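Trainee: Next comes the sequence, and after it the predicted model I'd like to discuss.
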4 protein chains.
Amino acid sequence: MDSAAFELKMKVRDYEVDSEGIVNNACYLNYLEHTRHEFCHEAGFSFADMRRRDMSPVVRRIEIQYLSSLGLGSEFTSHLNLRREGARFIFHQWITADGDRLVVDAEVTIVNVIGGRPSRGEELAAAFKDYLN
Amino acid sequence: MDSAAFELKMKVRDYEVDSEGIVNNACYLNYLEHTRHEFCHEAGFSFADMRRRDMSPVVRRIEIQYLSSLGLGSEFTSHLNLRREGARFIFHQWITADGDRLVVDAEVTIVNVIGGRPSRGEELAAAFKDYLN
Amino acid sequence: MDSAAFELKMKVRDYEVDSEGIVNNACYLNYLEHTRHEFCHEAGFSFADMRRRDMSPVVRRIEIQYLSSLGLGSEFTSHLNLRREGARFIFHQWITADGDRLVVDAEVTIVNVIGGRPSRGEELAAAFKDYLN
Amino acid sequence: MDSAAFELKMKVRDYEVDSEGIVNNACYLNYLEHTRHEFCHEAGFSFADMRRRDMSPVVRRIEIQYLSSLGLGSEFTSHLNLRREGARFIFHQWITADGDRLVVDAEVTIVNVIGGRPSRGEELAAAFKDYLN
């Protein structure tokens, strides 16, 4: 695994656990999104800030592998890395529990939309310059 | 039970079922909200219409009793009645399954906010006049 | 307001904010449930423990007033008090933000079901004895 | 696009729309899951049936592209195709709206777990034989 540019400790909320007794697949996308937003906040450019500037980071693609599961009361760590490929920002995100047990491993591709039009990404590159791989 | 001014047939989506094997409590508020929005749509005044006119029907209070449960694959009917009390609109909403088995019984109080300020409710009263008790 | 037997600091996850720009009504029930579960955990009797003993605390009734709203990135405190009325356990739960701004104020009634049958509540009363009002 | 082995008409519930005014990314995974479950039900082998036989179809991987968006009140069609690759079942799933506007395009890989152990997939292959590509 990469070392992470940002990490967030989280805990499963029991309503996120489905009838199989494990966290529902879609919830992991919520965890990943929340982690990206907290990362943006730490980087000094919160989601609310973006809204005020008519910017929307739009998810274009997600690839996620489910490797093991989380259940009632599980604590976990959500990790994030970031690289730029032209106008696209690619977040490598992964979740671990119980030390280094890998739960999910995902790649999330974002394009920044400004005033309704895709941007070339210069604003986000500036905001995230200390974190870009 | 009252006769309903509006009814909507729905089906549980399996991800709404929690680790107890039954639909999670909070999901019923989603069902009730969706029913109100579909009702508004039928009454000719959709939630999207309201947004365009800077109106927000805001929930002030919900009282809900949980009488029986829904599980994987359950089909149910969501019922709605409406009365006005001054500026407040009070939705009586209830869900039944398997004929007349009562699942939840709720009262939802709404105030219409226009341009950020509570209204006296004249617009909603006009829009819903054929449905008001 | 009562003083709280249990408090939990939380933060809005941006996906919980709806198209009105505020936390959706149903999400507050998730917050309240998560708070009760964290309280149970602190009281030494987690939801997972209950499952292992075939116990299910079942929500019978919720009354919730929405007094002000939370938005993107809001931080808040979820408070809880508990009293017993026969077989019923009544949680008074409220959420504050920005100091003492009241966001929601709720009363949640629980009955403990053991092996599929409503219990008289002696087990929960013993588990929560240090917290009961 | 492939022709679909199964199609389901659905409608956005307004609480699924986030502060950007569009359906939140994670909700699409809920739509896709609900479509798979309805498909299983049509194929004569519901999720509840599987639970009774101690079978769990487990998602191993999802790849999803977001091509356009859905908003308040949007109606859409969720399409599904299915092929087998050894023990893995690969669902091609896509959502269209307004005729043939493509909203998301996804590939979901499932392995069937029986009694806690990955199976070779013979049971699902038999159940889905009329639908396999």
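Mentor: Great, that's in hand.
Trainee: Surely A:Ile62 and A:Val104 touch.
Mentor: No - the criterion here is Cβ atoms under 8 Å, and A:Ile62 misses it with A:Val104 at 10.8 Å. Any C-beta I mention is one placed from the backbone N, CA and C, and that applies to glycine too.
Trainee: Overlap in contacts, the two.
Mentor: A:Leu32 (Cβ atoms under 8 Å, 6 or more residues apart in numbering or on different chains).
Trainee: who touches A:Glu38 in this structure?
Mentor: Neighbour list for A:Glu38: A:6, A:8 [criterion: Cβ under 8 Å, 6+ apart].
Trainee: That one in helix, strand or coil?
Mentor: helix (DSSP: H, G, I helix; E, B strand; the rest coil).
Trainee: ok, it to chain D distance?
Mentor: 16 Å (Cβ to the nearest Cβ, to the nearest Å).
Trainee: try A:Gly116
Mentor: The gap separating A:Gly116 from chain D is 12 Å, by Cβ to the nearest Cβ.
Trainee: Please apply the same query to A:Asn24.
Mentor: Distance from A:Asn24 to chain D, by Cβ to the nearest Cβ: 8 Å.
Trainee: Name the nearest residue to that residue, sequence neighbours excluded.
Mentor: A:Asp18 (4.2 Å; Cβ to Cβ, 6 or more residues apart in numbering or on different chains).
Trainee: my guess is the one you found contacts B:Glu20, does it?
Mentor: No - if you go by Cβ under 8 Å, A:Asp18 and B:Glu20 don't touch, sitting 10.5 Å apart.
Trainee: Please, where are all the helices along chain A?
Mentor: Ranges of helices within chain A are A:25-42, A:47-52, A:122-127, based on DSSP state H.
Trainee: Using a markdown table, please lay out those together with mean pLDDT.
Mentor: Formatted as a markdown table, these follow (pLDDT from 0 to 100):
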| stretch | mean pLDDT |
| --- | --- |
| helix A:25-42 | 95 |
| helix A:47-52 | 84 |
| helix A:122-127 | 91 |
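Trainee: Can you say which of those helices is packed in most?
Mentor: A comparison of the helices of chain A by mean neighbour count, using mean count of other Cβ atoms under 10 Å in any protein chain shown, puts helix A:25-42 on top with a mean of 22.
Trainee: The closest residue to A:Tyr31 other than its chain neighbours: neighbour count?
Mentor: Of all residues not flanking A:Tyr31 in the chain, A:Ser78 sits nearest, at 5.7 Å (Cβ to Cβ, 6+ apart). Neighbour count of A:Ser78, defined by other Cβ atoms under 10 Å in any protein chain shown: 24.
Trainee: beta partners for A:Ser78?
Mentor: On the basis of DSSP bridges, A:Ser78 is bridged to A:Leu8, A:Ile95.
Trainee: In chain A, which strand is the longest?
Mentor: Scanning chain A for the strand with the most residues, using DSSP state E, yields strand A:101-114.
Trainee: packing partners for the lowest-mean-pLDDT helix or strand in chain A?
Mentor: One helix or strand of chain A scores below all others by mean pLDDT, DSSP states H and E: helix A:47-52, with a mean of 84. Judged by 3 or more Cβ pairs under 8 Å, 6 or more residues apart in numbering or on different chains; DSSP states H and E, the packing partners of helix A:47-52 are helix A:25-42.
Trainee: interface residues of chain A facing chain D?
Mentor: Taking Cβ under 8 Å from any Cβ of the partner chain as the criterion, chain A approaches chain D at residues A:19-20, A:24-27, A:29-30, A:33, A:51, A:56, A:58-66.
Trainee: and A:Asp18 and B:Glu20? which has more neighbours close in?
Mentor: A:Asp18 (21 against 18).
Trainee: residue contacts, the more buried one?
Mentor: By Cβ under 8 Å, 6+ apart, A:Asp18 lies in contact with A:24, B:14-15, B:17-19.
Trainee: A:Ala125 too?
Mentor: Contacts of A:Ala125 (Cβ under 8 Å, 6+ apart): A:84, A:132.
Trainee: near chain B, which residues of chain A?
Mentor: So chain A meets chain B at A:14-15, A:17-19, A:21, A:24, A:26, A:72 (Cβ under 8 Å from any Cβ).
Trainee: Give me the neighbour count for A:Val23.
Mentor: A:Val23 has 27 nearby residues by other Cβ under 10 Å.
Trainee: Could you pick out the residues of chain A near chain C for me?
Mentor: So far as Cβ under 8 Å from any Cβ goes, chain A lies against chain C at A:13-15, A:30, A:33-34, A:37, A:41, A:46-48, A:51, A:71-73.
Trainee: ok, back up a step: can you tell me which two in the residues of chain A next to chain B are farthest apart?
Mentor: Greatest spatial distance among the residues of chain A next to chain B (Cβ to Cβ): A:Ala26 and A:Leu72, at 17.6 Å.
Trainee: my guess is A:Ala48 meets C:Leu72, correct?
Mentor: Yes - contact criterion Cβ under 8 Å: A:Ala48 and C:Leu72 qualify, at 4.4 Å.
Trainee: Under the pLDDT cut-off, which ranges of chain A? List them.
Mentor: For chain A, the stretches flagged by pLDDT under 70 are A:1-2.
Trainee: list the contacts for A:Pro57?
Mentor: Going by Cβ under 8 Å, 6+ apart, A:Pro57 touches A:36, A:40, A:50, A:89, A:110-113, A:124.
Trainee: quick revisit: and which of the contacts of A:Asp18 is nearest to chain C?
Mentor: Nearest to chain C among the contacts of A:Asp18: B:Ser19, at 7.4 Å, using Cβ to the nearest Cβ.
Trainee: count of neighbours near that closest one?
Mentor: Each residue near B:Ser19 was counted by other Cβ under 10 Å, and the total is 21.
Trainee: State the distance from the nearest residue to it once chain neighbours are set aside to chain D.
Mentor: Spatial nearest neighbour of B:Ser19, chain neighbours left out: A:Val17 (4.3 Å); criterion: Cβ to Cβ, 6+ apart. Plainly put, A:Val17 is 14 Å away from chain D if you go by Cβ to the nearest Cβ.
Trainee: who's A:Val17 bridged to?
Mentor: Assigned bridge partners for A:Val17, using DSSP bridges, are A:Val23.
Trainee: pretty sure it contacts A:Asn25?
Mentor: No - between A:Val17 and A:Asn25 there is no contact under Cβ under 8 Å: 11.9 Å.
Trainee: circling back: tell me the contacts of the residue nearest to A:Tyr31?
Mentor: A:7-10, A:31-32, A:34-35, A:93-95.
Trainee: Now distance to B:Ser119 too, for the residues you listed, in a markdown table please.
Mentor: Output for those, formatted as a markdown table (distance: Cβ to Cβ, whole Å):
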| residue | distance to B:Ser119 |
| --- | --- |
| A:Glu7 | 47 |
| A:Leu8 | 41 |
| A:Lys9 | 44 |
| A:Met10 | 40 |
| A:Tyr31 | 39 |
| A:Leu32 | 40 |
| A:His34 | 35 |
| A:Thr35 | 40 |
| A:Gln93 | 44 |
| A:Trp94 | 49 |
| A:Ile95 | 46 |
